Every structure is written in structure tokens, then in C-alpha cells.
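# Predicted coordinates and the sequence they were generated for:
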Amino acid sequence: MVKRLIAPACLFLALTTLLLAIEKEPVGEYKVRRDRLAARIMGNVLVLRAAPEEELVKYQQERNFYYLTGFEQPGAILLLDAASDPPQEFLFLAERKPSAERWTGPKLGPGADAEKATGFAKVLSTDEFETTLRRVSEGGKAVYGLKDVESDIAFLRQTKSPTEIALLEKAVQITLKAHRAAVRTIAPGAMEYEVQAALEFEFTRNGAERPGYPSIVGSGPFSTILHYNDNTRRMQVGDVVVVDIGAEYSGYSADVTRTYPASGKFSPRQREIYQIVLEAQKAAIEKVKPGARISDLHNAAMSHIRSKGYEKYFIHGTSHHIGLEVHDVGDTSRALEPNMVITVEPGIYILEEQLGVRIEDDVVVTATGHRVLSNFPKEISEIEGLFKR
């Protein structure tokens, strides 16, 4: 009798632990998103499927599915019936297989526990999906898949809820701790991968699921390579080191870059280029406000860099949205609105001098202007001060 009672209790504890492993927004937030999407596709039926599971690969949910459900489990299906009035929604989960769970851990199956955990009124077995789809699609104009609604979801994802911004702020704060770890490790003779190991240790120990993108630690000639991430070079005296990193926390990725002197002090030439980039970044950040466009920010940064004669060395855009993806989805020509979160990251890359400088911060648009999320030293004196240990 005791054994029969203990097993379900242990299972319940395991499932609860699984659900709480990653911080989530309230389930009502996901419901609001589904309602907004239903309003945009009214009269149609939508089917979205979770990302498939790969053996021996850490699972990551398809970003749009996660945005609408907050659900981190493979094999799930979302059915949104926007042809009904009011719209109906269903989540379909595979029946639980205890023998498989010995290998992969406990999973949610259809039923009341899943309904409570996900906020869906109906969580059914995937065995019922085809029958349910046939029934609801009879009243719809069309059955949509992901490609049909990507632009609609992207439009919604560009403006963040307060809870999304809170998660992004946590991702940013973890990333700033990682920058401090990078500074403690950077020195002539150190390997780039040692810096990567130190900063990614901070990601993990502070609750990040993973890097939001491959960590960039580019020293010397590799400071001029935008997305260099081999991180295999030994740093030399006189190098600058571009550290472009972002922790992913609860699905949301930060994106913060600083450029450091490997020896702890910039040379006069490095100071010159660094100051130009810093002034360009400040000019671009000042443009961040509702109604502005990303092109306005880029023009401000480029104008300053051009005035100093280095426009040919500024070879990328100044800003992009961040969120569930580090280069988040959406129309970059859309005017900025409150609660959008973007990067501001000008740079100058002089290959022949093995000198690259990029400075990047994460900025949220407010009702009257902006707020920098990634408050971290970036003045020359502040950067050099970090190396006084």
C-alpha cells in the first residue's frame, strides 16, 4: 500500500520540478498572445507543431511555438481555431510512456495536470488531433501552417510584454557578470577559449540555459572578423579583444559587446578608434525613441564615423531587435514603439592594423525615449580600470 502511494507522489514531484526548471511567464501571457494571433487570422485554422527531438542533443523549442505556448516539450501540437466565435484552442500531447521516461525524464501527457500547467482549457492526446482538426476545419476558410503566419507572429514578437522585458533584463545581467569574468581572464598569453570558458561558466552558474549564440572572443586580427567564434588564438601584448556575448535565460537572449585591451591599457591609436566608436554609439542611442526607425540610428552612427574618415571600416548595421532570438524576427523598417528592445552596436574594423572595435548595448524603447539595459563600463578610463587588479 505504501509503495503504491509513493510512486505517484514521486512522479508528481518530478513533474513539478521539471516545470519549474526554467522560469516562465504567467500562463495568461501566452493566452493573450494566442488571442491576438487569432484576431489577426480570423476565419482560419492554425496548426503549429513543436520542434522535433534529437537524440543526445539538448532540446530547444521552436521559437514561435514557445512564444505562443511557453511549452518546452517535443511532440506537442497547437491547434488554434480562429474560425469559431469565440476562437477555440487545443494543445495535443503524446500519451506518456513510462519506459521511455526512464531515459529522458518525466513528460507531461494529456489531461488535467497539463491543462493546469499550460493554461489550455483542452489538452488532448495526439491520437485525437486528426479527428479534431477535421471537425474544426469544416468551419474555416483555410488551414494555416507556420509559413502562413510567420509575419503575423513576428509583428507581435517585436513589442515585448513587461514580463518578457524582465526576462531579457535577467539575461542581460547574467551577460554582464560574464563580461566581468572575461576581463579577469584576458591577458597576454591567455587563449581565447579560456576567456570563453570563464564567461560561459558564469552563464551556467547564474541559470542561463545556453549561450544565445556562439560566444565571440576575437583578439588581434580576429577582432576585425564580425562573427568569429573559433576562439583558438593566443592573445598577444598590444592586442584588442572583442568580446561579443549573450546569455539565453528562459528563452530570451541578451547581446552585449565590449572591446578590451589585452594588456590592460589601450595604445594611443586604439584609444583614438575606440573613442570614435563610443561617440557614434552614444549618438545612435540618443535617437532611440518611439517613432524613430533603426535606419535613423544607423545614420546617426555612420554620420559620426564618416566625419572622422572611417566610413569604409563600418561594415554592418547598427541595430537589430532581440528577444527569443538574438537577431529577433520582424520588419526592421517598422517605427520603434514602447517596449521594443534593440541593440545599438557600431564598430570600426581596420584589418591592415589588426584593430577592431565594437561597442554594443541592449536598449528598451520607453514611452518617452529609451532605457539602456546593459549598464556596464565602456568609457576608456572605465574599461582600463577593470584591469586594475
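Received, thanks. Residues are numbered from 1 along each chain as shown.

# Excluding sequence neighbours, find me the nearest residue to the most centrally placed residue in the chain.
Centroid check for the chain by Cα atoms, centre = their mean gives Ser253 as the closest residue, at 2.4 Å. Nearest non-adjacent residue to Ser253, counting by Cβ to Cβ, 6 or more residues apart in numbering: Gly212, 2.7 Å away. Glycine gets a C-beta too; all of them are placed from N, C-alpha and C.

# what about the one you found, how many neighbours?
By the measure other Cβ atoms under 10 Å, the count of residues near Gly212 is 25.

# ok, it - contacts?
171, 246-248, 253-255, 326 (Cβ atoms under 8 Å, 6 or more residues apart in numbering).

# could you dump those residues to JSON lines with pLDDT?
Formatted as JSON lines, those follow (pLDDT from 0 to 100):
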{"residue": "Ala171", "pLDDT": "98"}
{"residue": "Gly246", "pLDDT": "98"}
{"residue": "Ala247", "pLDDT": "98"}
{"residue": "Glu248", "pLDDT": "98"}
{"residue": "Ser253", "pLDDT": "98"}
{"residue": "Ala254", "pLDDT": "98"}
{"residue": "Asp255", "pLDDT": "98"}
{"residue": "Val326", "pLDDT": "98"}
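
# Out of those, list just those in helices.
Judged by DSSP state H, the subset of the contacts of Gly212 located in helices is Ala171.

# from the contacts of Gly212, which single one is nearest Arg271?
Asp255 (25.0 Å; Cβ to Cβ).

# Please report how far that closest one lies from Leu37.
Asp255 sits at a distance of 26 Å from Leu37 (criterion: Cβ to Cβ, to the nearest Å).

# of these two, who's got more company?
Counted by other Cβ under 10 Å, Asp255 and Leu37 do not tie: Asp255 has more neighbours, with 27 against 23.

# ok, the more buried one - contacts?
By Cβ under 8 Å, 6+ apart, Asp255 lies in contact with 175, 212-213, 244, 246, 322, 326, 343, 345, 360, 362.

# As TSV, these with secondary structure would be great.
Output for the contacts of Asp255, formatted as TSV (DSSP: H, G, I helix; E, B strand; the rest coil):
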residue	secondary structure
Thr175	helix
Gly212	coil
Tyr213	coil
Asp244	strand
Gly246	coil
Ile322	coil
Val326	coil
Thr343	strand
Glu345	coil
Glu360	strand
Asp362	strand
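
# and those as JSON lines, adding distance to Thr368?
Shown next, in JSON lines, are these (distance: Cβ to Cβ, whole Å):
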{"residue": "Thr175", "distance to Thr368": "26"}
{"residue": "Gly212", "distance to Thr368": "29"}
{"residue": "Tyr213", "distance to Thr368": "31"}
{"residue": "Asp244", "distance to Thr368": "30"}
{"residue": "Gly246", "distance to Thr368": "27"}
{"residue": "Ile322", "distance to Thr368": "21"}
{"residue": "Val326", "distance to Thr368": "27"}
{"residue": "Thr343", "distance to Thr368": "21"}
{"residue": "Glu345", "distance to Thr368": "23"}
{"residue": "Glu360", "distance to Thr368": "23"}
{"residue": "Asp362", "distance to Thr368": "19"}
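
# For Gly43, state which of the residues you listed is nearest.
Using Cβ to Cβ, the contacts of Asp255 come closest to Gly43 at Ile322, 33.1 Å.

# pretty sure the closest one contacts Ser253?
Yes - with contact defined as Cβ atoms under 8 Å, Ile322 reaches Ser253; the gap is 6.1 Å.

# Now the common contact residues for the two.
Common neighbours of Ile322 and Ser253 are listed as Gly246 (criterion: Cβ under 8 Å, 6+ apart).

# so the residue nearest to His321 when sequence neighbours are not counted, which of the three states?
Closest residue to His321 apart from its sequence neighbours, by Cβ to Cβ, 6+ apart: Asp328 at 3.9 Å. The three-state label given to Asp328 by three-state DSSP is coil.

# Thought Ile322 was touching Asp328, still the case?
Yes - using Cβ under 8 Å, Asp328 makes contact with Ile322 at a distance of 5.3 Å.

# More neighbours: these two, which one.
Using other Cβ under 10 Å as the criterion, Asp328 and Ile322 rank with Ile322 on top: 27 against 23.

# From Val357, how far out is the more buried one?
21 Å.

# what does Val256 give?
Plainly put, Val256 is 15 Å away from Val357 if you go by Cβ to Cβ.

# now the helices for the stretch 251-389 of the chain?
For the stretch 251-389 of the chain, the helices defined by DSSP state H, counting those that start in this stretch occupy 268-285, 294-307, 380-386.

# Report the mean confidence score over the second one.
Which is helix 294-307. Throughout helix 294-307, pLDDT has a mean value of 98.

# Ok, the last one next?
The average pLDDT for helix 380-386 rounds to 98.

# I appreciate the help and will end here.
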